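[1] the amino acid sequence is not available; the structure is as follows:
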């Protein structure tokens, strides 16, 4: 079964052999960013999940990192 | 003889900077030994001394690997370090990963020997095996910090050996975890004679050791892509520790050996109900405020209504992931996927903290 693995630790996920890896925001909040407004936070989460859905529909040969089209706040 | 100048790498906790709330601390350093380094120093005899202790927050390292590594390298360069010791990291996954990456990078950049230690099932061990660096040695420890004295003693013994310039033997002699490298040595008997001896030992039930062990990391085949996502039921899985209030299944903050599934059938957002967060490996403050960070239910409902996939599975699957043992997590993964298939799930999103 295809699994999209959303994590901020992408290099570790690659080494452990996960196939469809999606870059999350940060370790304590992979899907979103509490520094953003409620709307922008949700939009970020939507983009990450959409990137994960795209990963599920993409053929990969080995560990592959999908980077959502997002910008992160610092901190 | 001058003492070999050692750099000790530790995380924010063992550097005394703080706990999980300081896991975002960038790279810093102290002159001389700190925390476990003080005991390590006393075990070095007169051959080596800790010139500097470099530290980095576990989250900072994982999220800024390149910056962290180059800062650590600069500290080593500035002090003419001749050997690196990292950890021990025990079963802490982010810390073990940081130790393994730091050892490999510093060793490759400066040509140094590096010594680290952690539990054999720490994911950092896999990093170490993949790097296959001839100058990096990883020693096994217990899971818990209770084994500190033994860990420091085996590291110090080996560091003293390296500092004295002694030859390093194979893993079976020295005690470090095998890297999967083939080491040359001169044997007195021919290959044919050794193979027959090994066969006779095996047939008579005597102990024997293979010269070329086969690597045992499970290779998971790559699942084919979903062609029609609009026909597929999607399930959410999380290792973030989001659980129903009161933690009804009694999950622990770390090293869980089971999983559970919880209904979100009537919810449009994780914020429509109350949840607990049980996880001993990261600062759970943000997750408590908005569990959609670990179970992105709010946006999945939107995308479900838009028809991007057929439907969302009414349950999400959970096991708090801190310090999980690989073998246990593999078994949990197999059980979860069996349950999903029985219920018609075709694909999964796994959110990991």
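    Looks like it came in fine. Being a predicted model, the structure only gives us computed values, none of them experimental.
[2] leaving out chain neighbours, which residue sits closest to residue B:322?
    Excluding the flanking residues, the one nearest residue B:322 by Cβ to Cβ, 6 or more residues apart in numbering or on different chains is residue B:281, at 3.2 Å. (Each C-beta comes from the backbone N, C-alpha and C, glycine too.)
[3] secondary structure element holding residue B:30?
    Following DSSP states H and E, one finds residue B:30 within strand B:28-31.
[4] so what strands line up beside that strand?
    strand B:48-56 (antiparallel) (DSSP bridges).
[5] can you list contacts of the strand holding residue B:30?
    Contact with strand B:28-31 is made by B:15, B:17, B:51, B:52, B:53, B:54, B:55, B:56, B:75, as judged by Cβ atoms under 8 Å, 6 or more residues apart in numbering or on different chains.
[6] re the thing from before, residue contacts, the residue nearest to residue B:322?
    By Cβ under 8 Å, 6+ apart, the neighbours of residue B:281 are B:20, B:92, B:93, B:94, B:253, B:254, B:321, B:322, B:323, B:353.
[7] wait, the last one touches residue B:278, no?
    No: in this structure residue B:353 lies outside contact range of residue B:278 using Cβ atoms under 8 Å: 11.9 Å.
[8] find residues that contact each of the two.
    Shared contacts of residue B:353 and residue B:278, counting by Cβ under 8 Å, 6+ apart, come down to residue B:241.
[9] what two of the contacts of strand B:28-31 have the greatest distance between them?
    Within the contacts of strand B:28-31, B:17 and B:51 form the most distant pair, 19.6 Å apart (Cβ to Cβ).
[10] where along the chain do the strands fall?
    All of this refers to chain A. A:3-7, A:20-23, A:64-66 (DSSP state E).
[11] can you look at chain B instead?
    Under DSSP E, chain B gives strands at B:4-11, B:28-31, B:48-56, B:83-86, B:113-118, B:136-140, B:233-238, B:242-243, B:260-263, B:276-277, B:311-318, B:345-352.
[12] circling back to that earlier point, which among the contacts of residue B:281 gets closest to chain A?
    Nearest to chain A out of these is residue B:353 (Cβ to the nearest Cβ; 5.6 Å).
[13] could you check the pLDDT of that closest one?
    Here, the pLDDT recorded for residue B:353 equals 91.
[14] so who does it touch?
    Counting by Cβ under 8 Å, 6+ apart, residue B:353 touches A:7-8, A:27-28, A:30, B:239-241, B:279, B:281-282, B:287, B:294, B:321.
[15] of those residues, closest to residue B:6?
    residue B:281 (28.8 Å).
[16] torsion angles phi and psi at that closest one?
    phi -120, psi 0 (degrees, to the nearest 10).
[17] look up how far residue B:281 lies from residue B:323.
    Separation of residue B:323 from residue B:281 (Cβ to Cβ, to the nearest Å): 7 Å.
[18] now the common contact residues for those two.
    Common neighbours of residue B:323 and residue B:281, using Cβ under 8 Å, 6+ apart, are B:92, B:93, B:254.
[19] how about the residues you listed in JSON lines, adding neighbour count and distance to chain A?
    Formatted as JSON lines, these follow (neighbours: other Cβ atoms under 10 Å in any protein chain shown; distance: Cβ to the nearest Cβ, whole Å):
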{"residue": "B:92", "neighbour count": "28", "distance to chain A": "13"}
{"residue": "B:93", "neighbour count": "23", "distance to chain A": "8"}
{"residue": "B:254", "neighbour count": "19", "distance to chain A": "15"}
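[20] ok, residue B:208 - contacts?
    B:198, B:201, B:202.
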